[in-house]
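[1] I'll drop the sequence and a predicted model, then ask my questions.
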Amino acid sequence: MSPRFKNLLIVIKQTAYESYSQLKLRGLAPKALRWQRLESRYNKHKSCVTDLIETLKKNYDVNFSCVNREDMDRQHLHGVDLVVSVGGDGTVLTCGHFLDNGSIPLVGINSDPTSIRDMPITKRTDERRSHGALCMFTSDNLQQGLDKVLHGGGTLTSRTRISVTVKSAFSETKLVPCLNDVLIAHP
C-alpha cells in the first residue's frame, strides 16, 4: 500500500541534557543537575529519533528531512505534506506556530513518555518525562502509529487557534496564530 504522505519534515526537540551540556562547556550549567537522569532522558529521545529514521528508510517509500526544533523556519515547509514532531507537547506547539493556514497536517510523537514507574514522582524538574497530551503516539508504539498515519488511518482534526493583533498608536501587528496560549508581557 502506498503512503498517503510522501514528503515529511521531521522536527526534533533539543533535550535538556543537550542544552545543559552546552552551558556546562562554558561553565554556566547549574550545579545541582542530576546528569545521569538527564542523560537517560536524552538517550531515550535519541533512540526514538533513530528508530523513526530507520523505520522510514526501511519500510516506507517517503522523502523526509530533519530539522532541530530551534532551527525550524517556514522555509523548511516548502513541498512538505506532513510535519512529524518528535519530542513532546512543546515541540508540537512550536511546529504549530509555523502551520498557520492548516494546509499541512501535524502529528506528534512523544519520544520519552511518562511510564507507570514514573507516576509517583512528584518533584517537578527538568528530568521529567513528557506527558504528550498533544502527541498522537509514543516511542513505544512507533511502528503502529506510523502505519496508521502514513497509510491514511486515523482522522485529521482541525484545532481552534488563538489569533492576536497588537495595536498601538502608530502600528498594528498581527501575530502568528497560537495553538495553546499567548503570553502578553511588557517589554
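    Looks like it came in fine. Numbering: from 1, shown residues only.
[2] contacts, neighbours, all on C-alpha from now
    Fine.
[3] So which residues of this protein form helices?
    16-25, 35-59, 89-98, 142-150 (DSSP state H).
[4] Between those helices, which one is closest to Ile184.
    Taking C-alpha to C-alpha, helix 89-98 is the member of the helices of the chain nearest to Ile184, at 16.2 Å.
[5] who's in contact with the closest one?
    Counting contacts by C-alpha atoms under 8 Å, 6 or more residues apart in numbering, the residues outside helix 89-98 that touch it are 11-13, 69, 72-74, 83, 85-86, 106-108, 110, 130-135, 176-180.
[6] change it to 6 Å
    Residues from elsewhere that reach helix 89-98 (C-alpha atoms under 6 Å, 6 or more residues apart in numbering): Ser85, Gly108, Gly132, Leu134.
[7] Please identify the most buried of the helices of the chain.
    Neighbour counts (mean count of other C-alpha atoms under 10 Å) averaged over each of those peak at helix 89-98, with a mean of 20.
[8] Give me the outermost residue of the protein relative to its centroid.
    Largest separation from the mean C-alpha position in the chain: Ala169, at 37.2 Å (C-alpha atoms, centre = their mean).
[9] quick one: Pro105 and Asp61, what's the gap?
    19 Å (C-alpha to C-alpha, to the nearest Å).
[10] To clarify, my last question referred to Ser103.
    Counting by C-alpha to C-alpha - Ser103 and Asp61 are separated by 22 Å.
[11] These two - which one has more neighbours?
    Asp61 (15 against 10; other C-alpha atoms under 10 Å).
[12] No further questions, thank you.
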